[in-house]
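> After the sequence you'll find the predicted model.
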Amino acid sequence: AFAVAACSPTAEPPAEPPLAGADIGGPFELVNQDGETVRWQDFDGQYRIVYFGFTYCPDICPNDVQRMSQGLRMFAESDPESAAQVQSIFISVDPERDTPEIVGEFAAAFSDDLIGLTGSPEQVKTAADNFRVFYSRGENTPGGGYLVDHSAVVYLFGPSGEPLATLPTDLGAQAVAAELAKWVS
Ligand code: NI
């Protein structure tokens, strides 16, 4: 019986999360859609999905946020109890244009459960640095706008704020749901 159990795939110890021990994440103080201060430690006890982007992004950000939200909904269909412990967070890297109201509307367009955060340029810079996210002003666009070049990484963190994995939005919502199922329990 012992030998059989040892060969069973379910008896294998869970693999180490790919980002275990990485120096990613950390304190921030930002502003939500109601103008209230939100801190990283406010989410203690919850898993967190974190993505940095900007609401005027023509393609990448809406795609990533769409797939991360859809992936979380698919995960919730298969495991509602675990999914209820996950908070998804969008953080703007374009504080000049992304007011609390605009970020709130952007987040609400994808999911009732997505929190949109922005802040002063200094607050955003601190948060991005702590999450190893790069951003800088890019090309001007017709009509007086501009792009923001930025890292497009969807992070998953555990209940103590520890980094666990990145979510493969490039592979689609189903892959996001599968990755969540691996690490959220
Ligand atoms: Ni973008």
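Thanks, I have it. Numbers count the residues shown, from 1 in each chain.
> CA atoms only for the helix or strand containing residue 89, dumped as CSV, please.
Residue 89 belongs to strand 86-92 when elements are defined using DSSP states H and E. This file holds the C-alpha atoms of strand 86-92, laid out as CSV (Å, rounded to 0.1, in the frame of the first residue of the first chain):
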residue,chain,number,x,y,z
VAL,A,86,-8.5,36.6,-4.3
GLN,A,87,-8.5,40.4,-4.8
SER,A,88,-7.5,41.7,-8.2
ILE,A,89,-5.9,45.2,-8.4
PHE,A,90,-5.1,47.4,-11.3
ILE,A,91,-2.5,50.1,-10.7
SER,A,92,-2.1,53.1,-13.0
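> Quickly run through the sheet partners of that strand, with directions.
Using DSSP bridges, the strands paired with strand 86-92 are strand 47-53 (parallel), strand 114-117 (parallel).
> Quick one: closest of these to the ion.
Counting by C-beta to the ion, the ion lies closest to strand 47-53 out of these; the figure is 4.4 Å. In this view, the C-beta of every residue, glycine as well, is placed from N, C-alpha and C.
> what's the spacing between that closest one and its chain's center?
2 Å (C-alpha atoms, centre = their mean, to the nearest Å).
> Based on its surroundings, how many neighbours for residue 87?
When neighbours are counted by other C-beta atoms under 10 Å, residue 87 registers 18.
> Please convert the strands paired with strand 86-92 to JSON lines, extending it with mean pLDDT and distance to the ion.
Converted to JSON lines, those look like this (pLDDT from 0 to 100; distance: least, C-beta to the ion, whole Å):
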{"stretch": "strand 47-53", "mean pLDDT": "98", "distance to the ion": "4"}
{"stretch": "strand 114-117", "mean pLDDT": "98", "distance to the ion": "14"}
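> So for residue 183, which of these sits nearest?
Proximity to residue 183 (C-beta to C-beta) singles out strand 47-53 among the strands paired with strand 86-92, at 7.9 Å.
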